[in-house]
Every structure is written in C-alpha cells, then in structure tokens.
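S.K.: turn this into a structure:
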Amino acid sequence: MEGITIEGTPKTPTINFDIATGHLEIKGRSIPENSIEFYKPIVELLDRYAAKPQANTNVKIQLEYFNTSSSKCILDIFKKLEAIHKAGNATIINWHYEQDDEDMLEAGEDYQAIIAVPFKMIEEAD
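M.R.: Have a look, this model is predicted:
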C-alpha cells in the first residue's frame, strides 16, 4: 500500500501520509473549490490503512485557515482515526495553532470534544 503526498497550493494544504511510519500531516490553507473531492483520496486511504495500521498513528494538523466544507472533511478524517484508535491502536492528533490565533485554538478544542482520540494542543510562537 502506497502513502500519499499532495503538494500544497494557495487554496489547498500540503498533505503527507506515510503508511510505513503511520504519520499523517496536513499543513497550510484549506479552501479548495471542492473539499470532498480534494480530501477523498485521504479518506479512502485511511479506510485501507485501518485494516492494518501501524502500532502508532501520529497526526500533525497545522492549518492557517480552513473553510466550512473543509471542516466537515477534516471531521471525516478524524472519525476514521477514531475507529483506528477504538480498535486498540495508539493514535494521537497534534493540533498546532499560532499563539494569537483564537479561532484555530477553538476549532481544535471543538474537534477534541467530538472525537475520542488523544488530542495534543500545540501552541506555536509567532
């Protein structure tokens, strides 16, 4: 099974999912024309990965901004990760946000309240 790498653009985040190490990183801005189409390969890959995940799945989310449709897709990704975690596999979501970015902090806290996966809030200095 191959991982996935998507180069970021001004409207889409950089995504790296290394299946061999269990590392998923989403970084940048997420305001794609069609969020569902953009995130579909990652959601589908997580479905396949869930059948035989690594002992540790480590997720790094470092978004500057995301739109409403992206937030639904991110939740879909988190639900896939929740299933992996509930199956007894160590999973952690590291939510990075800028020191003065209250919106991104609150978004992370909202996801943390919804998803039963260990969440680590990481404040980045400006």
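
S.K.: quick one: pLDDT of Asp126?
M.R.: The pLDDT attached to Asp126 in the predicted structure is 68.

S.K.: got it, and Asp47?
M.R.: Residue-level confidence at Asp47 comes out at 95, pLDDT.

S.K.: go ahead and confirm Asp76 touches Lys40.
M.R.: No - with contact defined as C-beta atoms under 8 Å, Asp76 does not reach Lys40; the gap is 9.5 Å. From N, CA and C alone the C-beta is placed, and that goes for glycine too.

S.K.: for the two, work out which one has more neighbours and name it.
M.R.: Asp76 (17 against 13; other C-beta atoms under 10 Å).

S.K.: tell me, how many residues neighbour Pro22?
M.R.: Wrong residue type there; residue 22 is Gly, not Pro. Residues within reach of Gly22, counting by other C-beta under 10 Å, total 19.

S.K.: which one's the longest strand in the chain?
M.R.: Ranked by number of residues, the top strand in the chain under DSSP state E is strand 56-66.

S.K.: mind giving me the packing neighbours of the biggest helix by length in the chain?
M.R.: Once the chain is assigned using DSSP state H, the helix that runs over the most residues is helix 68-86. Based on contacts counted as 3 or more C-beta pairs under 8 Å, 6 or more residues apart in numbering; DSSP states H and E, the elements that helix 68-86 packs against are strand 23-30, helix 35-51, strand 56-66, strand 90-98, helix 102-114.

S.K.: once you drop chain neighbours, what's closest to Arg48?
M.R.: Taking C-beta to C-beta, 6 or more residues apart in numbering, and ignoring the residues beside it in sequence, Arg48 has Met1 as its nearest neighbour in space, at 5.9 Å.
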